[in-house]
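Enquirer: coords below, sequence missing:
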Ligand code: HPA
């Protein structure tokens, strides 16, 4: 028997069985039998956890089957169970595995499958991303209306034909706009990363109908839809995309924009979750 670092790395393993095990770990460690909503916090969104409600339990992700240590500073490696004032149980995922880490798409979508196995019917995916629309500014949150998956990969295995119409639920976007009517929306293009796009790639994304460029979310949304969840997507525009902004991109700039916007967008996200 091979000594897999992570059970998901065994190609013979069933990723849904591992997600079910992870959900059982969550139940045991949080005492919460069923979660209603799951939220993945990307760069800039981390403070939302404190504002959503009362924390029931915080768990290092490494104690839950199939999760791995986060690769990036600014991404907290915890899973948190929160009870909203309305009595809903929210699973806050601060341990995103990015596709660019190269561990395969099963690991990328494990948190989403775990949330579904834990009972969540709603998946809120947030990220920090580059903006293509010139009217957008760093620090602005936007809704994701649809995506273009440029990874040439999928979390679906075998002949699993899943409809992706209205993948980012119009109903949930309307709920978000009932909290902040000024929210704009756009089409998210997931690139592999971890390099930022070239200006030519950004122009390509624009030409094919994209408005936001990033390195996450699309693969997770597909897995969430496969699991039957309703999806809400939020991007924090941390910078204008390469070539749209005239200065070079840097990770430090992305983190700084996230830090500055964090109080405002975290409170927005907490209010939206309260209204779901
Ligand atoms: N491109 C891709 N990912 C990103 C960007 C970007 O411009 N900004 C933050 N994440």
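Expert: That came through, no problem. Note that this is a predicted model, so its numbers are computed, not measured.

Enquirer: quick check: the gap between residue 202 and residue 158.
Expert: Remark: distance between residue 202 and residue 158 (CB to CB, to the nearest Å) = 34 Å. Using the backbone N, CA and C atoms, a C-beta is placed for each residue, glycine as well.

Enquirer: what is the longest helix that the chain contains packed up against?
Expert: The helix that spans the most residues within the chain, counting by DSSP state H, is helix 251-275. Helices and strands touching helix 251-275, by 3 or more CB pairs under 8 Å, 6 or more residues apart in numbering; DSSP states H and E, are strand 37-40, helix 48-52, strand 122-131, strand 140-149, helix 170-179, strand 230-240.

Enquirer: out of these, which gets the lowest mean score?
Expert: Lowest mean pLDDT of the helices and strands packed on helix 251-275: helix 48-52, a mean of 91.

Enquirer: ok, residues contacting it?
Expert: With contacts defined as CB atoms under 8 Å, 6 or more residues apart in numbering, helix 48-52 is touched by 39, 41, 55, 80, 82, 84, 90, 92, 94, 126, 265-267, 269-270, 273-274.

Enquirer: and the chain, which residues reach the ligand?
Expert: Neighbours of the ligand within the chain, by CB under 6 Å from any ligand atom: 128-130, 196-197, 213-215, 238-239, 241, 249, 254.

Enquirer: just to revisit the earlier point, neighbour count for residue 202 and residue 158, which is higher?
Expert: Ranked by neighbour count (other CB atoms under 10 Å), residue 202 and residue 158 place residue 202 first, with 23 against 5.

Enquirer: how close does the spatially most central residue of the chain get to the ligand?
Expert: Centroid-nearest residue in the chain, with CA atoms, centre = their mean: residue 125, separated by 3.4 Å. Going from residue 125 to the ligand by CB to the nearest ligand atom, to the nearest Å gives 14 Å.

Enquirer: just to revisit the earlier point, may I see the buried residues of the longest helix of the chain?
Expert: The neighbour-count check on helix 251-275 (16 or more other CB atoms under 10 Å) flags 254-259, 261-262, 264-266, 268-274 as buried.

Enquirer: looks like residue 168 contacts residue 230 (just checking).
Expert: No - at 9.4 Å, residue 168 does not count as touching residue 230 under the criterion of CB atoms under 8 Å.

Enquirer: between those two, who's got more neighbours?
Expert: Counted by other CB under 10 Å, residue 168 and residue 230 do not tie: residue 168 has more neighbours, with 24 against 19.

Enquirer: next up, phi/psi of that one, please.
Expert: Main-chain dihedrals, residue 168, degrees, to the nearest 10: phi -100, psi 100.

Enquirer: need the contact list for it.
Expert: Residues in contact with residue 168 (CB under 8 Å, 6+ apart) are 143, 144, 145, 146, 147, 221, 231, 232, 233.

Enquirer: no further queries at this time; thank you.
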